[in-house]
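*Asks:* no sequence for this one, just the structure:
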Ligand SMILES: Cc1cc2nc3c(=O)[nH]c(=O)nc-3n(C[C@H](O)[C@H](O)[C@H](O)COP(=O)(O)OP(=O)(O)OC[C@H]3O[C@@H](n4cnc5c(N)ncnc54)[C@H](O)[C@@H]3O)c2cc1C
């Protein structure tokens, strides 16, 4: 059985969905060890063990920055003779993969949606228009996995006591930077946009009022996204931007409201499983990729949808 490493950037008492997906995928393929990107406690270690970790690698000194995390990951890959390393497909995961790839002279594959038993990786390319199968020709393959790609087992895993932690020393990693303080972001109560199963996104068509988008998102339990026109207008924070210069999401359901469907917007959402578009212009390009298109005013359509969802939920 090959040794597989999973990089867990921020371990917590309840692993995030994308962390659980990486652990589920890794457990299918081999013997799993987790590389801890930040110091943590017994509760988080026990939760990760329940999801399949057989051991942990931690840094002698505090990590949480890309340079030391990449050094720790490379040291762990050498120590475990790993055949595969899974990382999140976000900015930090990709950067750690790239830096560790250079240290290990190993192949880096991003945007993965699956890995088979021969460690052949399926990944989406060209804004989700194609799926290709690729294999690293050198080194442990460093693979960043897109959220919502791996089906989780039904129910919670049985509780487990924390697997052992091995502390690795890897010397100076410079440039000299350290975390001077940490402030946790105030939780919005909505799912994280990167890994949400449902996303409702608004564009210039909301005309400054994200109320209907927020209301539908809350009825569905969805995250909120936006086009660049909406974030540039200051109607919503830039962290909500989806597209070529924003986030890439692939939820099971993406509801696009008042967004024309420019190529740069499609680049961030085209691989969503089911796309619903609401636009008052029947010729809007977004309808070309929509599974369900609704021609209408979002200020009318979205509240109706939210009310019907709430009625059905009881
Ligand atoms: C290098 C580069 C990078 C870019 N990166 C991104 C990116 O990451 N993400 C991104 O989104 N864009 C990006 N853009 C911008 C992109 O080209 C578009 O300009 C942008 O996506 C348009 O946003 P929009 O669809 O909200 O606005 P518009 O194109 O103005 O479309 C608004 C739509 O709302 C509809 N509408 C209006 N009122 C209503 C209503 N009441 N009800 C229903 N529908 C209504 C209209 O019919 C129209 O189709 C980038 C551009 C460049 C050049």
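*Replies:* Arrived safely. No experiment lies behind these values; they were computed from the predicted model shown. Numbering: from 1, shown residues only.

*Asks:* drop to CA atoms for contacts and neighbour counts, all remaining ones
*Replies:* Will do.

*Asks:* Next up, the contacts around residue 281.
*Replies:* By Cα atoms under 8 Å, 6 or more residues apart in numbering, the contact set of residue 281 is 295, 296.

*Asks:* measure it to the ligand for me?
*Replies:* Using Cα to the nearest ligand atom, to the nearest Å, residue 281 is found at 4 Å from the ligand.

*Asks:* Look at that residue and report its pLDDT.
*Replies:* At residue 281, the model reports a pLDDT of 98.

*Asks:* which bits of the stretch 201-314 of the chain sit near the ligand?
*Replies:* Neighbours of the ligand within the stretch 201-314 of the chain, by Cα under 6 Å from any ligand atom: 203-205, 227-230, 242-246, 258-262, 264-265, 278-281, 284, 296-299.

*Asks:* all strands in the stretch 51-200 of the chain, in order from the N-terminus.
*Replies:* Ranges of strands in the stretch 51-200 of the chain, per DSSP state E, counting those that start in this stretch, are 56-59, 84-88, 108-115, 121-125, 130-134, 141-145, 165-168, 198-202.

*Asks:* possible to save those strands as JSON lines with distance to residue 251?
*Replies:* Output for the strands of the stretch 51-200 of the chain, formatted as JSON lines (distance: least, Cα to Cα, whole Å):
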{"stretch": "strand 56-59", "distance to residue 251": "30"}
{"stretch": "strand 84-88", "distance to residue 251": "15"}
{"stretch": "strand 108-115", "distance to residue 251": "12"}
{"stretch": "strand 121-125", "distance to residue 251": "14"}
{"stretch": "strand 130-134", "distance to residue 251": "16"}
{"stretch": "strand 141-145", "distance to residue 251": "14"}
{"stretch": "strand 165-168", "distance to residue 251": "34"}
{"stretch": "strand 198-202", "distance to residue 251": "6"}
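
*Asks:* Now render those as CSV, adding mean pLDDT and mean neighbour count.
*Replies:* Formatted as CSV, the strands of the stretch 51-200 of the chain follow (pLDDT from 0 to 100; neighbours: other Cα atoms under 10 Å):
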stretch, mean pLDDT, mean neighbour count
strand 56-59, 94, 24
strand 84-88, 97, 26
strand 108-115, 95, 22
strand 121-125, 90, 19
strand 130-134, 92, 12
strand 141-145, 97, 28
strand 165-168, 94, 15
strand 198-202, 98, 28
